[in-house]
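# what follows is a predicted protein model with its sequence.
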Amino acid sequence: MRALVTGGAGYIGSHASLRLLDEGHEVTVVDNLYRGHRGAIEALRRAGGDRLKFVEADLADTDALARALADGRVDTVLHFAALTYVGESVERPDDYFRVNHAGGISLLAAMRATGVQRIVFSSTAATYGEPAQDAMPIVESTPQRPINPYGASKLAFEQSLRDACAATAPLAAVALRYFNVAGADARGRIGEDHRPETHLIPICLEVALGKRPHLTVFGDDYATADGTCVRDYVHIEDLVDAHLCAFGALETGKLKCWNVGIGRGYSVCEVLESCRRVTGHAIPSVMGARRAGDPPALYANPAAIARDIGWKAKWTELDAIVATAWDWIRAHPRGYG
Ligand code: UFG
């Protein structure tokens with residue numbers, strides 16, 4: 001396979017690129033390094049040698065994307081590049097639509113210009129918004145009613161893909177709706193380095209490392225078993241596996257959508273306890289107010305993706321997921337530096 005990976009210097013895109021390189025494929029990473037890391041590209045280079053091409057370009061630069069597609073003789077696009085912070089999206093909605101929607105449209109134009117028809121898109125459970133709690137677990141037909149510009153911009157691009165698949169020169173597309181992605185390459189070559197970091201597991205681990213004084217738990221008065229929010233944590237390697245399964249399902253003229261989660265939820269307190277067990281550190285926590293826009297519980301029903309393309313999570317134990325994140329962060333306390 002000759003793949004173009006947008007956002008390949010970011011957390012999820014770099015893990016997908018690494019797997020493709022490990023399996024002998026040719027990979028062209030396109031990333032503007034706004035939030036991606038040159039250090040991730042260096043790690044990919046070590047794994048893939050000259051099977052990796054890196055193009056520093058913005059999604060808005062359709063010509064640069066078209067050149068990268070043509071030069072890499074690309075047959076399949078994996079589209080990860082995006083802005084991904086819910087809170088920031090509320091502050092800067094225009095940027096989220098510019099990057100996540102218009103950026104995707106620019107990519108589609110480059111694909112059309114070069115005759116590349118296959119695309120797997122990184123969508124999100126945030127497109128579902130706040131489903132009624134009796135609608136849990138979430139299936140693919142659960143109504144998509146995003147409650148913030150992040151989810152709305154991702155849903156807008158899903159819709160554009162659907163239209164592009166029905167167009168006269170149709171595409172073949174899969175949108176994978178990720179739940180909470182966690183962990184790192186089990187061989188410790190790359191990991192998660194968000195700036196700013198807002199995600200629960202890395203924050204707990206930064207407390208364990210002494211980089212932060214405590215975790216603030218965002219509310220314990222939700223209607224869940226222990227009062228804290230429940231999420232579905234899927235290991236990054238399982239998530240990458242879902243992309244590999246998706247390649248075989250690409251079909252001209254169709255957009256296919258699947259949830260990617262393990263199908264069970266863990267509360268914030270359960271995640272905190274897991275991080276304490278794995279690290280052996282106390283990880284102090286304080287109780288804080290609810291964070292705006294946090295639904296009480298979000299977890300997937302992964303039956304459709306298992307039935308349709310044979311994907312099933314292998315990492316189902318939270319401690320094992322957290323351990324891979326801990327191994328990386330402990331070895332790279334300053335992330336990519
Ligand atoms: N949380 C805390 N304290 C913190 C950080 C998080 O209590 O310091 C809580 C949150 O309130 C939430 C849970 O931990 O209940 C998980 O929060 P994350 O920020 O790690 O993840 P989210 O569930 O908010 O969002 C993630 C991705 C989104 C994606 C969503 C889909 O960041 O991109 O999962 O479920 F859309």
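That came through, no problem. Predicted model, so just to flag it, every value in this text is computed and none were measured.
# distance of the residue of the stretch 1-150 of the chain found nearest the ligand from I190?
Residue of the stretch 1-150 of the chain nearest the ligand, by C-beta to the nearest ligand atom: A126 (3.2 Å). (Each C-beta comes from the backbone N, C-alpha and C, glycine too.) The gap separating A126 from I190 is 24 Å, by C-beta to C-beta, to the nearest Å.
# same thing with H101?
28 Å.
# kindly report the same for A182.
Distance, A182 to I190, using C-beta to C-beta: 14 Å.
# have a look at the two and say which one is more surrounded.
I190 (27 against 24; other C-beta atoms under 10 Å).
# give me the below-cutoff pLDDT ranges for this structure.
Within the chain, no stretch has pLDDT under 70.
# which residues of it lie near the ligand?
By the rule C-beta under 6 Å from any ligand atom, the part of the chain lying against the ligand is 84, 86, 124-126, 179-180, 198-200, 203, 215-218, 229, 231, 268, 291, 294, 298.
# list the buried residues of stretch 86-102.
For stretch 86-102, burial by neighbour count (16 or more other C-beta atoms under 10 Å) applies to 86, 88-89, 96-97, 99-102.
# my guess is D61 meets G103, correct?
No. With contact defined as C-beta atoms under 8 Å, D61 does not count as touching G103 (9.7 Å).
# more neighbours: which of those two?
G103 (25 against 17).
# for the more buried one, helix, strand, or coil?
Using DSSP: H, G, I helix; E, B strand; the rest coil, the structure places G103 in helix.
# quick one: terminal-to-terminal distance for stretch 271-287?
End-to-end distance of stretch 271-287 (C-alpha to C-alpha, to the nearest Å): 15 Å.
# how far does it sit from its chain's centre?
Put simply, stretch 271-287 sits 24 Å off its chain's centre (C-alpha atoms, centre = their mean, to the nearest Å).
# cool, and stretch 239-257?
On C-alpha atoms, centre = their mean, the centre of stretch 239-257 falls 15 Å from that of its chain.
# ok, and for it, which residues are buried?
Using 16+ other C-beta under 10 Å as the test for burial, stretch 239-257 gives 239-247, 249-250, 255-257.
# so G293 sits in a helix?
No. Counting by three-state DSSP, one finds G293 to be coil, located in no helix.
# check contacts around it.
86-87, 90, 130, 147-148 (C-beta atoms under 8 Å, 6 or more residues apart in numbering).
# and which of those residues is nearest H235?
V86 (21.5 Å; C-beta to C-beta).
# my guess is that closest one meets A126, correct?
Yes. With contact defined as C-beta under 8 Å, V86 reaches A126; the gap is 6.6 Å.
# mutual contacts of those two, please.
With contacts taken as C-beta under 8 Å, 6+ apart, V86 and A126 have 148, 150-151 as neighbours in common.
# show me where this structure has its strands.
For the chain, applying DSSP state E gives strands covering 2-6, 26-31, 52-56, 76-79, 118-124, 172-178, 180-182, 215-218, 230-231, 233-235, 255-260, 266-267, 285-288, 297-298.
# so what's the closest residue to G261 other than its chain neighbours bridging to?
Spatial nearest neighbour of G261, excluding adjacent residues (C-beta to C-beta, 6 or more residues apart in numbering): A300 at 2.9 Å. Beta-bridge pairing of A300 under DSSP bridges involves I138.
# burial count for A300?
30.
# same deal with the one 5 residues further on?
I305 is flanked by 26 other residues according to other C-beta under 10 Å.
# one step back: return the subset of the buried residues of stretch 86-102 lying in helices.
Among those, DSSP state H puts 86, 88-89, 96 in helices.
# which one of the residues in the stretch 201-337 of the chain is closest to the ligand?
Closest point on the stretch 201-337 of the chain to the ligand, by C-beta to the nearest ligand atom, is C229, at 3.0 Å.
# quick check, G261 in contact with V234.
Yes. Between G261 and V234 a contact is recorded at 5.3 Å, counting by C-beta under 8 Å.
# shared neighbours of those two, which are they?
178-180, 313.
# just send those back as CSV, with neighbour count and distance to A331 too.
Shown next, in CSV, are these (neighbours: other C-beta atoms under 10 Å; distance: C-beta to C-beta, whole Å):
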residue, neighbour count, distance to A331
Y178, 21, 25
F179, 25, 26
N180, 21, 23
A313, 24, 25
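# okay, the residue lying closest to I12 once chain neighbours are set aside and E56: tell me how far apart.
With C-beta to C-beta, 6+ apart as the criterion, I12 has its nearest non-adjacent residue at 5.4 Å, and that residue is F80. Remark: distance between F80 and E56 (C-beta to C-beta) = 16 Å.
# Q117 too?
Separation of Q117 from E56 (C-beta to C-beta): 26 Å.
# looking at those two, which one has more neighbours?
Just comparing Q117 and E56: by other C-beta under 10 Å the higher neighbour count belongs to Q117, 20 against 14.
# pretty sure the more buried one sits against A164.
No. The pair Q117 / A164 is not scored as a contact, 9.7 Å apart, by C-beta under 8 Å.
# quick revisit: could you dump the strands of the chain into CSV and include distance to M111?
Below are those laid out as CSV (distance: least, C-beta to C-beta, whole Å):
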stretch, distance to M111
strand 2-6, 9
strand 26-31, 12
strand 52-56, 15
strand 76-79, 6
strand 118-124, 7
strand 172-178, 10
strand 180-182, 25
strand 215-218, 39
strand 230-231, 33
strand 233-235, 28
strand 255-260, 14
strand 266-267, 38
strand 285-288, 44
strand 297-298, 32
